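Enquirer: Sharing a sequence plus its predicted fold:
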Amino acid sequence: MRPGWALPLLAVVTLAACETAPKSVPKVVAAPPSTKAEVWQGFANPADLARIQRVATGWSSGLAEARAGGFRDAIRGEGRLLNPDAALPRPAPTPGSYSCRMVKLGKEGGKGPAFQKFKPFFCYVQVEGELFTIVKQTGSQRPAGRLWEDDFPNRMIFLGSLALGNEDEARAYGDDPKRDMAGVFERIAPFVWRLVIPYPQDGSRLQVFELTPVAEQPKG
């Protein structure tokens, strides 16, 4: 080989090596899995999302109104049901029939008593796929909805709607915003749960439902 050919030949070999080397493939970065809260937040409408975010304010304002209205003894008589910090781990309910009752805190539209107790009724918890559903079985106003897991381990999120009168079932959540309901579901004692609806559309501060299992589903 002539000395003058060394550099041109080296350049040709280097260029060929560059052309035959595989091109780098960009790495595919998988998106992180959605959090539990992001799942239910994808279904909740903005108004209900805001209500759930204000549940602590609903507790404080509702209890303050009730106490100012002379209902301190009534609040104490409800024990853990009206204790905002009563939530316990493992909030998922047991499927079956429940005896349920409701307490309202705060005045409706600024009028009426700031504490109201209502007669017990029956509701039912069942499993649909991976979700729990709650249905009120009796009464002229019957909430029904699904429970979603949340990032806070001591609570689940309720998104539902309201059946009225002789309607066979409640409308699907989101079909009628005026009937939509959203709240927080918690276990507060062995075999006792509560569903807290902050700033419901009736104008009160909180609706608090207590749920305790019954041995048999009511007939009729």
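Expert: Alright, I've got the coordinates.
Enquirer: where does this structure have low pLDDT?
Expert: Scanning the chain with the threshold set as pLDDT under 70 gives 1-33, 136-142, 164-170, 216-220.
Enquirer: Please enumerate the helices of it.
Expert: Using DSSP state H, the helices found in the chain span residues 6-20, 36-41, 46-53, 55-68, 72-77.
Enquirer: check contacts around the most centrally placed residue in the chain.
Expert: The chain has Ile157 as the residue nearest its centroid, 1.3 Å off, counting by C-alpha atoms, centre = their mean. By C-beta atoms under 8 Å, 6 or more residues apart in numbering, Ile157 lies in contact with 40, 44, 52, 147-150, 182-185. Backbone N, C-alpha and C define where each C-beta goes, glycine included.
Enquirer: Out of these, grab the one that's most surrounded.
Expert: The residue in these with the most neighbours, by other C-beta atoms under 10 Å, is Gly183 (30 neighbours).
Enquirer: Do I have it right that that one meets Val196?
Expert: Yes. Between Gly183 and Val196 there is a contact under C-beta atoms under 8 Å: 5.2 Å.
Enquirer: what do the two both touch?
Expert: 55, 207.
Enquirer: In strands, which of the contacts of Ile157 appear?
Expert: Taking DSSP state E, the ones among the contacts of Ile157 that sit in strands are 147-149, 182-185.
Enquirer: Kindly reformat those residues as TSV containing distance to Phe191.
Expert: Converted to TSV, the ones in strands among the contacts of Ile157 look like this (distance: C-beta to C-beta, whole Å):
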residue	distance to Phe191
Leu147	17
Trp148	22
Glu149	21
Ala182	25
Gly183	20
Val184	19
Phe185	15
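Enquirer: quick one: which of these is nearest Val208?
Expert: Gly183 (9.2 Å; C-beta to C-beta).
Enquirer: excluding its backbone neighbours, what's nearest the closest one?
Expert: Ile197 (4.0 Å; C-beta to C-beta, 6 or more residues apart in numbering).
Enquirer: Count the residues that sit near the one you found.
Expert: As a measure of burial, Ile197 has 27 neighbours, counting by other C-beta under 10 Å.
Enquirer: Same check on Gln126?
Expert: 13.
Enquirer: Please renumber the chain so that the first residue is 834 from this point on.
Expert: I'll keep to 834 as the first residue from here, and by that count the last item is Gln959.
Enquirer: That one contacts Pro928, doesn't it?
Expert: Yes. Here Gln959 lies in contact with Pro928, judged by C-beta under 8 Å, at a distance of 5.4 Å.
Enquirer: Now do the shared contacts for these two.
Expert: Joint contacts of Gln959 and Pro928 (C-beta under 8 Å, 6+ apart) are Phe965.
Enquirer: which ones are touching Met989?
Expert: With C-beta under 8 Å, 6+ apart, Met989 has these contacts: 924-925, 965, 980-983, 1017-1019.
Enquirer: Bridged to it, which residues?
Expert: Glu982, Phe1018 (DSSP bridges).
Enquirer: Please report the distance of it from Ala925.
Expert: For Met989, the distance to Ala925 equals 7 Å [C-beta to C-beta, to the nearest Å].
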